[in-house]
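> Just the structure for this:
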Amino acid sequence: MSEQDLISKARAFVEAFNANDWARYDELMAKNGVYNEVGTGHQLRGTGEIVTALKGWKQAMPDAKGTVTSAVASGNRATLEVTWKGTQTGPFASEAGTIPPSGKSQTTPSAFLFDFDGDKIAEGRHYFDMLSLLQQIGAMPA
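Alright, predicted model coming up:
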């Protein structure tokens with residue numbers, strides 16, 4: 001695939017989240033694709049686990065949206081900078097327990113790396129500052 005095709009497929013991952021288009025992940029991800037959510041320490045395999053985790057974010061922040069602010073590709077990798085915004089109006093499940101809705105908004109910049117196998121995402125690595133996000137929604141002191 002061309003570099004622009006890689007970027008388009010990577011952007012489609014973010015756009016599918018924004019649109020709650022969960023079926024789209026079957027088209028984007030390799031059958032045994034991996035999603036490493038570095039900010040939470042979760043490694044998810046296959047679209048079933050990935051979609052379940054993404055739905056959890058939408059449960060906590062139904063208005064959550066990612067905006068791609070820059071994108072580059074080389075070889076079989078596309079890298080996006082994404083700014084995530086959303087308001088925590090739902091419960092947020094975490095390893096430490098459930099964080100009740102705060103009504104507070106957050107803006108969290110991130111880096112998202114996608115490695116491709118042909119035209120499918122084989123692995124995604126999502127880097128973001130979970131501490132900053134938790135502070136913004138009032139779950140931790142600033």
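> just the strands in this protein please.
29-37, 42-45, 65-74, 77-87, 92-94, 97-99, 105-117, 120-128 (DSSP state E).
> Give the buried residues for the first one.
It stands for strand 29-37. Met29, Ala30, Gly33, Val34, Tyr35, Asn36, Glu37 (16 or more other CB atoms under 10 Å). Bear in mind the C-beta positions are built from the backbone N, C-alpha and C, glycine included.
> what's the weakest-modelled helix or strand in this protein?
strand 92-94 (a mean of 86; mean pLDDT, DSSP states H and E).
> Please dump the strands of the chain into CSV; it should also carry distance to Asp21 for every row.
CSV is the format used below for the strands of the chain (distance: least, CB to CB, whole Å):
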stretch, distance to Asp21
strand 29-37, 13
strand 42-45, 18
strand 65-74, 13
strand 77-87, 17
strand 92-94, 22
strand 97-99, 26
strand 105-117, 17
strand 120-128, 15
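> Just give me the neighbour total for the residue lying closest to Ala111 once chain neighbours are set aside.
With sequence-adjacent residues excluded and distances taken as CB to CB, 6 or more residues apart in numbering, Ala111 is closest to Tyr127, at 4.6 Å. Residues contacting Tyr127 under the criterion other CB atoms under 10 Å number 13.
> before we move on, back to that, quick check: the two most widely separated of the buried residues of strand 29-37?
Pairwise distances among the buried residues of strand 29-37 were taken by CB to CB; the largest, 17.3 Å, belongs to Ala30 and Glu37.
> By mean pLDDT, show me the worst of the strands of the chain.
Note on the strands of the chain: lowest mean pLDDT is at strand 92-94, with a mean of 86.
> buried set for that strand?
For strand 92-94, a neighbour-count test (16+ other CB under 10 Å) marks Phe92 as buried.
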